[in-house]
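> pasting the sequence and the predicted model now:
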Amino acid sequence: MTVQELPGAGASHRSTPPAWRPRTDAAPLLPDAEPYRVLGTEAADRLDPALMRRCYAELVRGRRYNAQATALTKQGRLAVYPSTVGQEACEIAAALVLEEQDWLFPSYRDTLAAVARGLDPVQALTLLRGDWHTGYDPREHRIAPLSTPLATQLPHAVGLAHAARLRGDDVVALAMVGDGGTSEGDFHEALNFAAVWQAPVVFLVQNNGFAISVPLAKQSAAPTLAHKAVGYGMPGRLVDGNDIAAMHEVLAEAVRRARSGGGPTLIEAVTYRMEAHTNADDATRYRGDAEVEAWKAHDPVELLERELTARGILDEAGVQQARDDAEAMAAALREGMNADPVLNPMDLFENVYAEQTGVLREQAAMLRAELEAEDQE
Amino acid sequence: MAQALTRAMRDAMAEDPTVHVMGEDVGTLGGVFRITDGLAKEFGEDRCTDTPLAEAGILGAAVGMAMYGLRPVVEMQFDAFAYPAFEQLISHVAKMRNRTRGAMPLPITIRVPYGGGIGGVEHHCDSSEAYYVATPGLHVVTPATVEDAYGLLRASIASDDPVVFLEPKRLYWSKADWSPQAPAAVPGIGKALVRRAGTSATLITYGPSLPVCLEAAEAAREEGWDLEVVDLRSLVPFDEETVVESVRRTGRAVVVHEANGFGGPGAEIAARVTERCFHHLEAPVLRVTGFDIPYPPPMLEKHHLPGVDRILDTVARLQWEN
């Protein structure tokens, strides 16, 4: 039934409502149809050799970090590790585009981004090791605690960026989330707040194909996740998440826009999780080898290595140097993780409140007595 | 009371530029109860902000603002509208200090108008304090007097820990001989007060039930009972000393609150009092609470809310005859 056919919708009843808001052209907000690529295209002619050598070294380090962390789970030194093998370009680019005063809001999978931003690898793994929930002072590194609940850290990024702007500080917040996280209500609320407040935030969605076992097709019916941006009134960008040059360019542009008062951007990085969700997951139950093999041919480390070698930006010595550095990092990580953490059970009652409540003092006394009794045995 | 709450926020904002008020309709309208009236005009919309209608987003943004050093005061429009923000509250607000081992405390005040007795439609009258009390990391505070509305809200905003500040809706319009120009000092968070001294039994209560308990204590004189009334003022931290001292003196105790009884704060208080006062008790600790039902429609709420008669009937069960 059209409006004209509705009962009572005759011409004599029709009137024009007042315009309630100006309309803007949504076209500039829409993402491209294909993920943006630099490597293997003409755009690679303008690569910055120094930046790309740095990216390469970080990618090699990142790959080695993933391998070492996974090995540590097998040795029981790490309780759980969500691997980012295949996604290293997203992690590294996110860390490299930020200035020192900027903030990173990682999800539980984004330890590598935190390490690439300069966090000590052992500290970055404190949560996943089961030691304490956060192993570092977020203010010191300007890295929010790794968020285990999905997308709930996104509104924090918006609030922090908003607060910084109110205080006149030049701070951009970059918040990371997975494809599954885009289904959460907090994702919606964060993007809406950011756009309304024009907060200096960049939202980076790493679309790695699966939310544990659920493929994107069962997660969202949107043309792409980047298309969601236009509904909030911010630009959406679709980028090849395995192409670190493209990632860096698109992220840097969004950070620039945020810094200059242009508001938030939503970036969808199309990538692939080469390993299981964590060491507790069996990926063979929900995806086939052929798919994994196809993505192997689009490996982020090899993509860059090929391009840089062909252009003479990277030589054999450079490759070897990156591998040696990565090996040294892995050795330090192994050593750090093999040292048993010293935990004090009485810390359970510290830092619940600024000042312990009576109830907590009572319970702390009970535990202290239990510990003393154990000592005497 | 409404005026005292407004004044508390105004004074806090004037003294400390990091205090920011935010929520739905708090700016231009001054809040649906007008508690934030005039703040946007005096301090600008950056300090008293009308947010999008999204409770999780409001509290989540407040977390980020607090991470950057601000002191957000968040208004949740009505008790039952705060539920979408529970994940932010429980997973982040309450735990951030602990997760970061003290590096990142969150000084957020969450103002929640709560309770019934104003003829509100459904989802506007819940007494949700049990959920907050059950969450470690949160302080839970509720004023029952005009002085406390000012003093406890100032203390909550000044606290380095998150505070859920429960405002009894039906006391918004209560009046007192109180000067906004020279507010009296009140003890900070975590201190209960004996509002009426007595010898026969102790009524332990808070928030909207305090005036009802005081009225019941007056009426009880006809029965020959001299009831003491303790106003908790703060559920977390719980002032066990004041409560225990009173019950040991009187030997009998009744906990009175509007929230549902089963699993409600009264259960915890009765258990604690029993543990600490067992040899002083002449009778079991009893409770007078709302029924264990979803909040009833306005025309029936008088049957649900604990009133003077129900309190007196319960006091009568305190084994007066041997």
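Yep, that arrived. Numbering: from 1, shown residues only, chains lettered A, B, ... in the order given.
> how far does stretch B:167-178 stretch from start to finish?
With C-alpha to C-alpha, to the nearest Å as the measure, the first residue of stretch B:167-178 is 18 Å from its last.
> grab the longest helix from chain A for me.
Of all the segments of type helix in chain A, defined by DSSP state H, the longest one is helix A:49-74.
> which helices and strands does that one pack with?
Helices and strands in packing contact with helix A:49-74 are listed as helix A:88-96, helix A:111-116, helix A:244-259, helix A:300-310, helix A:316-338; criterion 3 or more C-beta pairs under 8 Å, 6 or more residues apart in numbering or on different chains; DSSP states H and E. From N, CA and C alone the C-beta is placed, and that goes for glycine too.
> mean neighbour count added to those, as CSV?
CSV is the format used below for the helices and strands packed on helix A:49-74 (neighbours: other C-beta atoms under 10 Å in any protein chain shown):
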stretch, mean neighbour count
helix A:88-96, 29
helix A:111-116, 27
helix A:244-259, 22
helix A:300-310, 19
helix A:316-338, 15
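> need those helices in TSV with distance to B:Asp25 and mean pLDDT, can you?
Conversion of those to TSV gives the following (distance: least, C-beta to C-beta, whole Å; pLDDT from 0 to 100):
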stretch	distance to B:Asp25	mean pLDDT
helix A:88-96	37	98
helix A:111-116	38	98
helix A:244-259	29	98
helix A:300-310	48	98
helix A:316-338	51	97
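> returning to what we had before: just the buried positions in the longest helix of chain A, please.
If you call a residue buried by 16 or more other C-beta atoms under 10 Å in any protein chain shown, then helix A:49-74 has these buried ones: A:52-53, A:55-66, A:68-73.
> quick one: average pLDDT of that helix?
In this model, helix A:49-74 has an average pLDDT of 97.
> give me the element the residue positioned nearest the centre of chain A is part of.
Centrality entry for chain A: nearest residue to the mean C-alpha point is A:Met176, 2.9 Å, by C-alpha atoms, centre = their mean. Using DSSP states H and E, the element containing A:Met176 is strand A:173-178.
> quick one: that strand to chain centroid distance?
5 Å (C-alpha atoms, centre = their mean, to the nearest Å).
> that strand to helix A:244-259, inter-axis angle?
With axes from the mean of the first three to the mean of the last three C-alpha atoms, to 10 degrees as the criterion, the two stretches strand A:173-178 and helix A:244-259 enclose an angle of 130 degrees.
> against which helices or strands is strand A:173-178 packed?
The elements that strand A:173-178 packs onto, with contact taken as 3+ C-beta pairs under 8 Å, 6+ apart, are strand A:103-105, helix A:154-166, strand A:201-207.
> for the longest one, buried residues please.
This means helix A:154-166. Within helix A:154-166, the residues scored as buried using 16+ other C-beta under 10 Å are A:154-166.
> now the two most distant members of these.
Within the buried residues of helix A:154-166, two members stand farthest from each other by C-beta to C-beta: A:Leu154 and A:Leu166, at 19.0 Å.
> what sits up against stretch A:329-337?
Stretch A:329-337 is touched from outside by A:61, A:64-65, A:67-69, A:72, A:77-78, A:120-122, A:125, A:129, with contacts defined as C-beta atoms under 8 Å, 6 or more residues apart in numbering or on different chains.
> 6 Å instead, please
Counting by C-beta atoms under 6 Å, 6 or more residues apart in numbering or on different chains, stretch A:329-337 makes contact with A:Arg61, A:Arg64, A:Gln68, A:Leu72, A:Arg77, A:Pro121, A:Val122, all of which sit outside it.
> how about a markdown table for these, with distance to B:Asp292 added?
As requested, the contacts of stretch A:329-337 are arranged in a markdown table below (distance: C-beta to C-beta, whole Å):
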| residue | distance to B:Asp292 |
| --- | --- |
| A:Arg61 | 59 |
| A:Arg64 | 58 |
| A:Gln68 | 55 |
| A:Leu72 | 50 |
| A:Arg77 | 49 |
| A:Pro121 | 52 |
| A:Val122 | 50 |
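> A:Gln376: which of these is nearest?
Closest to A:Gln376 out of those is A:Arg77 (31.6 Å), distances taken as C-beta to C-beta.
> tell me which of the helices and strands packed on strand A:173-178 lies nearest to B:Gly115.
In terms of C-beta to C-beta, the element of the helices and strands packed on strand A:173-178 nearest to B:Gly115 is helix A:154-166, at 28.2 Å.
> dump the closest one to PDB, restricted to CA.
Listed next in PDB are the C-alpha coordinates belonging to helix A:154-166 (Å, rounded to 0.1, in the frame of the first residue of the first chain):
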ATOM      1  CA  LEU A 154      35.100   1.400  22.400                       C
ATOM      2  CA  PRO A 155      33.000   3.900  24.400                       C
ATOM      3  CA  HIS A 156      36.000   4.300  26.700                       C
ATOM      4  CA  ALA A 157      38.100   5.400  23.700                       C
ATOM      5  CA  VAL A 158      35.300   7.900  22.800                       C
ATOM      6  CA  GLY A 159      35.100   9.300  26.300                       C
ATOM      7  CA  LEU A 160      38.900   9.600  26.600                       C
ATOM      8  CA  ALA A 161      39.300  11.300  23.300                       C
ATOM      9  CA  HIS A 162      36.400  13.600  24.100                       C
ATOM     10  CA  ALA A 163      37.900  14.500  27.500                       C
ATOM     11  CA  ALA A 164      41.300  15.200  25.900                       C
ATOM     12  CA  ARG A 165      39.700  17.500  23.400                       C
ATOM     13  CA  LEU A 166      37.700  19.400  26.100                       C
END
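> rounded mean pLDDT for that helix, please.
Model confidence over helix A:154-166 averages 98 on the pLDDT scale.
> contact partners for residue 137?
Picked chain A for this. B:Ala103.
> try again with chain B
Applying C-beta under 6 Å, 6+ apart, one finds that B:Gly137 lies in contact with A:Val352, B:Ala94, B:Lys95.
> ok, now with 10 Å
Under the criterion of C-beta atoms under 10 Å, 6 or more residues apart in numbering or on different chains, the neighbours of B:Gly137 are A:351-353, B:89-90, B:92-99, B:106, B:161-162, B:236.
> next one: A:Val172
Contacts of A:Val172 by C-beta under 10 Å, 6+ apart are A:97-99, A:101-104, A:157, A:161, A:164-165, A:199-202, A:254-259, A:264.
> report the contact partners of residue 128.
Went with chain A since none was named. By C-beta under 10 Å, 6+ apart, the contact set of A:Leu128 is A:69, A:72-73, A:78-82, A:108, A:111, A:135, A:146, A:148, A:278.
> that answer is for a different chain, and I need it for chain B
By C-beta under 10 Å, 6+ apart, the contact set of B:Ser128 is B:Met76, B:Asp79, B:Ala80, B:Ala82, B:Tyr83, B:Phe86, B:Val112, B:Tyr114, B:Gly115, B:Val164, B:Leu166, B:Ala259.
> and A:Met52, by the same measure?
Each residue near A:Met52 by C-beta under 10 Å, 6+ apart is listed here: A:Val38, A:Leu39, A:Ala44, A:Ile244, A:Ala245, A:His248, A:Leu304, A:Glu307, A:Leu308, A:Arg311, A:Ile313, A:Leu314.
> adding distance to chain B, write those residues out as JSON lines.
As requested, those are arranged in JSON lines below (distance: C-beta to the nearest C-beta, whole Å):
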{"residue": "A:Val38", "distance to chain B": "32"}
{"residue": "A:Leu39", "distance to chain B": "35"}
{"residue": "A:Ala44", "distance to chain B": "37"}
{"residue": "A:Ile244", "distance to chain B": "28"}
{"residue": "A:Ala245", "distance to chain B": "31"}
{"residue": "A:His248", "distance to chain B": "25"}
{"residue": "A:Leu304", "distance to chain B": "34"}
{"residue": "A:Glu307", "distance to chain B": "38"}
{"residue": "A:Leu308", "distance to chain B": "38"}
{"residue": "A:Arg311", "distance to chain B": "42"}
{"residue": "A:Ile313", "distance to chain B": "39"}
{"residue": "A:Leu314", "distance to chain B": "39"}
